[in-house]
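Q: Next comes the sequence, and after it the predicted model I'd like to discuss.
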Amino acid sequence: MNSFFTNIINKGYDKDDLFNSDKSIVITNFILLLATTLAFLRFTLFISGQDFSFALVSLASSIAFFSLYLLNSNGYSDISKFSLLIVGNIATGYKELLSGGTAGQIYLILASFGVVFLLFDIKQTKKLYFALSIPLINTLVNVIFPNLIHEPLLVGVKEALFEKSVGVFSNIFITVLIIWYFVKKSNEIEIKLKDSNKQLNVINDDLLIQKDIIQSKNEEIYASIRYAQRIQNTILPWESTLEETFKEHFVIYKPKDIVSGDFYWLQKHNNAIYFAVGDCTGHGISGSMLTMIGATILEEAVSNKELNSTSEILNFIDYKLTAALNQQLEENKIRDSIEIALIKIEDSKLEFSGARLGLYLYNNGEYIHIKGSRNSIGGNSKEGNDYLNYNTILNNESIIYLFSDGFSDQIGTNKKKFGSNNLKSILKDVTKLSLLKQKEKLVEEFAKHIGNETQRDDITLIGLKTRTSQ
């Protein structure tokens with residue numbers, strides 16, 4: 001039986017969602033069912049007393065309240081709440097006026113003020129004020145115009161006492177039931193909240209443990225990556241070596257992550273300077289592993305194999321990388337590759353070969369864009385790639401710019417790439433400046449371009465001015 005009453009009162013309310021479901025649905029259901037029951041009891045009471053006018057009003061009220069219950073439990077909450085107040089006040093007000101102010105309904109009218117605050121959220125001021133106006137108008141009419149419909153019907157003390165008692169008893173009965181019900185519901189909700197809080201505390205404890213574990217793992221991973229960065233930096237030329245080797249230079253080297261898939265490399269052998277910029281597939285840890293392989297093979301090609309031609313060196317690197325990664329096997333799905341721009345400077349002669357990377361050369365008063373071969377090192381390239389040589393003579397004002405594609409491909413706040421043409425234009429504008437000033441200008445323009453956007457790739461851009469015999 002208790003389950004039956006609970007189900008009909010909670011109809012239309014999600015009892016498992018304590019925070020989001022509209023709890024006024026339950027309140028309205030309870031009051032409507034209570035009002036339906038009381039109105040029907042008053043109907044039987046007035047029938048037994050042969051007071052058919054009041055009996056008819058009570059029966060109509062009972063039917064109206066139950067109809068509103070059906071509306072409320074099927075999603076028409078606001079209509080039901082306002083109709084409850086209107087129907088209830090019409091019924092009580094009409095009974096009071098019909099009796100000439102002697103039926104004792106004024107107590108129920110006053111009680112409906114409290115019902116308003118049970119049904120409506122005080123934050124919804126327009127609805128609240130409109131709801132309060134209903135019992136307020138009813139009260140004023142019955143206080144100011146008690147004889148509007150009829151003169152007082154009760155002349156005897158017993159009759160007056162009976163009618164007043166009915167009104168007072170109804171008011172007390174409704175009030176006690178409502179208070180009892182909501183104390184009960186509050187206790188149930190409090191118990192559920194306590195259970196929920198216990199579960200949340202258990203979950204929070206687990207989350208804190210997981211957080212500590214993740215934080216510890218992250219610190220270990222971060223420390224490992226930092227150590228990998230220190231190892232990777234050992235393959236990059238030292239600043240002092242660059243200063244000894246070149247007349248002027250600048251290096252813009254910005255890994256996307258802590259370690260980079262870009263690298264640059266320098267070797268002096270048999271009076272020749274070999275310098276390369278490499279861009280490996282990927283970035284971060286995976287890219288950095290390829291940089292170590294690439295730099296090692298370059299070292300082997302120049303120092304051990306003593307290959308002189310830049311094209312021969314790239315062919316050797318392609319062969320060695322393909323073998324190192326077992327890319328000659330068809331079932332091997334790893335097709336990582338390296339793009340390289342490699343120069344050799346001997347006396348005043350510049351020799352260049354590129355695997356998908358080129359260079360900008362300022363020489364004899366003009367800028368030249370020298371493109372590399374379309375073939376990369378390793379990856380999907382076929383054995384026997386042909387990397388062409390480019391040869392020219394440098395002078396004291398010649399500047400060589402080597403770069404990966406990270407700088408020009410960076411998306412800016414305008415959602416466009418920085419662009420190779422834009423890079424070339426800036427280099428032309430700063431030609432007469434020292435390489436240090438050129439670097440400052442390039443960094444400034446890049447910062448303006450990227451704004452708050454995320455860096456998309458590893459970035460390497462290097463400018464070199466050589467010491468020549470001319």
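A: Happy to help now that I have it.

Q: so which helix or strand takes in residue 91?
A: helix 77-98 (DSSP states H and E).

Q: And that helix, what's buried?
A: Neighbour counts over helix 77-98 (16 or more other CB atoms under 10 Å) mark 77, 80-98 as buried. In short, each C-beta sits where N, CA and C put it, glycine included.

Q: Would you mind writing the CA trace of that helix as PDB?
A: The C-alpha trace of helix 77-98 is given here as PDB (Å, rounded to 0.1, in the frame of the first residue of the first chain):
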ATOM      1  CA  SER A  77       3.300  21.300 -14.300                       C
ATOM      2  CA  ASP A  78       2.800  25.100 -14.600                       C
ATOM      3  CA  ILE A  79      -0.800  24.700 -15.900                       C
ATOM      4  CA  SER A  80      -1.600  22.400 -13.000                       C
ATOM      5  CA  LYS A  81       0.000  24.600 -10.300                       C
ATOM      6  CA  PHE A  82      -1.800  27.700 -11.400                       C
ATOM      7  CA  SER A  83      -5.100  25.800 -12.000                       C
ATOM      8  CA  LEU A  84      -4.800  24.300  -8.500                       C
ATOM      9  CA  LEU A  85      -4.600  27.700  -7.000                       C
ATOM     10  CA  ILE A  86      -7.400  29.100  -9.100                       C
ATOM     11  CA  VAL A  87      -9.800  26.100  -8.600                       C
ATOM     12  CA  GLY A  88      -9.000  25.900  -4.900                       C
ATOM     13  CA  ASN A  89      -9.600  29.600  -4.400                       C
ATOM     14  CA  ILE A  90     -12.800  29.600  -6.500                       C
ATOM     15  CA  ALA A  91     -14.100  26.700  -4.500                       C
ATOM     16  CA  THR A  92     -13.300  28.000  -1.100                       C
ATOM     17  CA  GLY A  93     -14.200  31.600  -2.000                       C
ATOM     18  CA  TYR A  94     -17.500  30.600  -3.500                       C
ATOM     19  CA  LYS A  95     -18.400  28.500  -0.500                       C
ATOM     20  CA  GLU A  96     -17.500  31.400   1.800                       C
ATOM     21  CA  LEU A  97     -19.500  33.900  -0.200                       C
ATOM     22  CA  LEU A  98     -22.400  31.500  -0.600                       C
END
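
Q: mind checking how far that helix is from the chain centre?
A: Mean-position distance between helix 77-98 and its chain equals 49 Å (CA atoms, centre = their mean, to the nearest Å).

Q: Can you give me the domain assignment for this protein?
A: Taking automatic domain parsing as the criterion, the chain consists of the domains 2-202, 238-465.

Q: where in this structure is pLDDT low?
A: Flagging of the chain using pLDDT under 70 yields the residue ranges 1-24, 101-104, 150-190, 332-333, 380-385, 468-470.

Q: where along it do the helices fall?
A: 2-9, 24-48, 52-72, 77-98, 106-119, 125-144, 157-233, 239-245, 284-299, 310-324, 406-409, 420-429, 435-450 (DSSP state H).

Q: Only the buried residues of the shortest one, if you could.
A: Counting neighbours by 16+ other CB under 10 Å, one finds that the buried residues in helix 406-409 are 406-408.

Q: what comes into contact with stretch 360-370?
A: 350, 352, 354, 358-359, 390, 392, 394-395, 397-401, 403, 424, 427-428, 431 (CB atoms under 8 Å, 6 or more residues apart in numbering).

Q: Just the buried ones from those residues, in PyMOL syntax?
A: The following PyMOL line selects those of the contacts of stretch 360-370 that are buried, judged by 16+ other CB under 10 Å:
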select buried, resi 350+352+354+358+359+390+394+398+399+400+401+403+427
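
Q: Just the ones in strands from the contacts of stretch 360-370, please.
A: Those of the contacts of stretch 360-370 mapping onto strands are 350, 352, 354, 359, 390, 392, 399-401, 403, per DSSP state E.

Q: Thank you, goodbye.
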